[in-house]
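Undergrad: pasting the sequence and the predicted model now:
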Amino acid sequence: MSVPGPIRNTKKRTTCIVMGLVIVLLFSLALSSRYQVYADRPAKSDIIILFAGPDWDSRLLKARQLLHEGYSGYLFIPVTFSLYKAGPGRGGITAIRFTDIKPGIDLSGSRPEKEMINVFFRKNWTAYRFPRYYEATNVEMLLAKKSMDACGLKKAIFVSSPYHMRRIKIMADRIFDPSYDIKLVPSHIGTLNRGLPASWGKLKQAFTECAKTIWFLCYELWDQ
């Protein structure tokens, strides 16, 4: 039995609408991924702050490159509360404590080389009384600010992956006042900000970044 004309036409219209919405969503995510790629020119700073993430090796490589090029003498990794200093001739890095920068400084965090990052990060999360619903990058930035303030540091370079940088900038603009000089340097740029994402992985990453940004803005508004 054939499907009546009106019903068939309705199904076609519904299918077209759904397909159109999917295309608009994908195109919006594609444009969003370009927007999320942000970069400042690195400048001489007091400290380099390295944010954790899945492409850890490339992030760490960039942070060490900046350290060795003389943009800063110190590297801080919030998720492990680890502090490092550029070695002689900037050929390596050496783990140090905050008291090596400022004697008598009182920070409860210590270097957890033998502990899992997530375990120690959650321990600091609780120790400094950050709400459990806070987004992890936000907590990393708050730990970075707390450490910078304790040491009297005002200039920092934030290092993370390219698609993470816009969200970091949005947070930094709200957490750090104009008296701080914050530069955002991605692990790499290449052709990431040209054209549209070439894979579903990039679209998924764009969606995740958008969702996390919205979540941060929502609870920030709620906390006010």
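TA: Perfect, I can see it now.
Undergrad: tell me the first helix or strand C-terminal of the worst-scoring helix or strand of the chain on mean pLDDT.
TA: Of all the helices and strands that make up the chain, helix 5-36 has the lowest average by mean pLDDT, DSSP states H and E, namely a mean of 49. In the C-terminal direction, the helix or strand that comes right after helix 5-36 (DSSP states H and E) is strand 47-50.
Undergrad: average pLDDT across that next one?
TA: The pLDDT scores in strand 47-50 average 96.
Undergrad: go on, stretch 136-147?
TA: The predicted model assigns stretch 136-147 a mean pLDDT of 93.
Undergrad: buried residues, that stretch. List them.
TA: By neighbour count on 16 or more other Cβ atoms under 10 Å, the buried set for stretch 136-147 is Ala136, Thr137, Asn138, Val139, Glu140, Met141, Leu142, Leu143, Ala144, Lys145, Ser147. C-beta here means a position set from N, CA and C on the backbone, and glycine is covered the same way.
Undergrad: before we move on, what about stretch 54-67?
TA: Of the residues in stretch 54-67, those buried (16+ other Cβ under 10 Å) are Ser58, Arg59, Leu60, Lys62, Ala63, Arg64, Leu66, Leu67.
Undergrad: same check, this time on stretch 67-75
TA: Across stretch 67-75, burial judged by 16+ other Cβ under 10 Å covers Leu67, Tyr71, Ser72, Tyr74, Leu75.
Undergrad: picking up where we left off before, can I get the buried residues of stretch 136-147 in CSV including secondary structure and distance to Val79?
TA: Supplementary listing: the buried residues of stretch 136-147 in CSV, determined by DSSP: H, G, I helix; E, B strand; the rest coil; distance: Cβ to Cβ, whole Å:
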residue, secondary structure, distance to Val79
Ala136, helix, 8
Thr137, helix, 10
Asn138, helix, 13
Val139, helix, 9
Glu140, helix, 6
Met141, helix, 11
Leu142, helix, 12
Leu143, helix, 8
Ala144, helix, 10
Lys145, helix, 15
Ser147, helix, 12
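Undergrad: go through those residues and name the one nearest Pro88.
TA: Closest approach between the buried residues of stretch 136-147 and Pro88, by Cβ to Cβ: Ser147, at 24.2 Å.
Undergrad: what's the nearest residue to that closest one if we skip its chain neighbours?
TA: With Cβ to Cβ, 6 or more residues apart in numbering as the criterion, Ser147 has its nearest non-adjacent residue at 6.0 Å, and that residue is Phe76.
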